[in-house]
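1. generate a structure from the sequence data that follows.
(one chain, ligands or ions: 2)
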Amino acid sequence: ALLPILEFPDPRLRTQAVAVDPARITDSAFQQLIDDMFETMYAAPGIGLAASQVDVHQRFMVIDVSEENDRPLVFINPVITAHDGEQVYQEGCLSVPGIFADVTRANTITVHAIGRDGKLFEMQADGVLAVCIQHEMDHLLGKLFVDYLSPLKREMVRKKLAKARRNAA
Ligand SMILES: O=C(O)C[C@@H](Cc1ccccc1)C(=O)SCC(=O)c1ccccc1
Ligand SMILES: [Zn+2]
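-> Ligands and ions are numbered 1, 2, ... in the order given. This is a model prediction of the structure:
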């Protein structure tokens with residue numbers, strides 16, 4: 001099912017997610033939630049979605065940066081264990097619709113996480129996958145990419161979204 005995505009400046013987006021209990025991962029309800037998050041992400045469309053964005057404050061996210069939308073990745077209780085270099089990427093966010101801004105993040109990262117099969121794995125990532133993983137992990141900490149903008153620019157974003165919501169209503 002499609003899940004509603006929380007939008008900035010909703011305070012629930014600032015919630016710190018809690019670790020997923022590994023014993024719950026193979027439960028059908030948790031597996032269904034993962035499927036609903038992929039469905040919601042592909043429909044948006046997006047290349048990533050953190051549980052925080054659908055008001056589930058547990059530490060997991062789904063990502064698919066492939067062109068064909070056929071490379072689904074699930075990271076549960078992710079930890080970045082190494083990072084190197086810097087890259088600037090013009091990011092968007094499904095919780096901050098229509099806003100794009102340059103964000104500087106690590107160029108390559110090593111991530112340890114649990115997969116949807118409940119098994120621990122380690123992954124090296126660079127390029128847009130590395131950017132997306134870092135962007136989603138920020139969501140799990142209650143951080144948004146607009147937090148990297150100046151307070152003035154962030155206020156402009158808030159006003160622009162409020163106006164767009166008024167016009168839509
Ligand atoms: O809000 C999110 O987490 C989703 C976000 C992920 C992201 C995008 C760009 C840089 C870092 C993280 C998005 O997917 S925004 C939409 C988007 O970037 C996109 C949508 C369709 C095709 C390609 C990209
Ligand atoms: Zn986002």
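
2. rest of the way, CA atoms for contacts and neighbours
-> Will do.

3. OK, contacts around the residue nearest to Ala19 when sequence neighbours are not counted?
-> Leaving aside its sequence neighbours, Ala19 sits nearest to Arg59 (C-alpha to C-alpha, 6 or more residues apart in numbering; 5.1 Å). Taking C-alpha atoms under 8 Å, 6 or more residues apart in numbering, we find Arg59 in contact with Ala17, Val18, Ala19, Val20, Ala51, Ile76, Asn77, Pro78, Leu140.

4. state the distance from Arg59 to ligand 1.
-> In this view, Arg59 and ligand 1 are 13 Å apart by C-alpha to the nearest ligand atom, to the nearest Å.

5. tell me the phi and psi of the most centrally placed residue in the chain?
-> The chain has Glu136 as the residue nearest its centroid, 2.8 Å off, counting by C-alpha atoms, centre = their mean. Here the main-chain torsion angles of Glu136 (degrees, to the nearest 10) amount to phi -70, psi -40.

6. residue contacts, it?
-> Per C-alpha under 8 Å, 6+ apart, neighbours of Glu136: Gly48, Leu49, Ala50, Met61.

7. from those residues, which are also near ligand 1?
-> Filtering the contacts of Glu136 for neighbours of ligand 1 using C-alpha under 6 Å from any ligand atom leaves Gly48, Leu49, Ala50.

8. next, see if stretch 122-138 gets close to ligand 1.
-> Yes: judged by C-alpha under 6 Å from any ligand atom, stretch 122-138 comes into contact with ligand 1 at Val131, Cys132, His135, Glu136.

9. follow-up on the earlier one: which among the contacts of Glu136 gets closest to Thr26?
-> Of all the contacts of Glu136, Thr26 sits closest to Met61, with 15.7 Å by C-alpha to C-alpha.

10. tell me the mean pLDDT for the longest helix seen in the chain?
-> Counting residues, the longest helix found in the chain (DSSP state H) is helix 151-168. Computed over helix 151-168, the mean pLDDT rounds to 94.

11. quick one: contacts of that helix?
-> With contact meaning C-alpha under 8 Å, 6+ apart, helix 151-168 is reached by Phe8, Pro9, Val96, Pro97, Ile99, Val146, Asp147.
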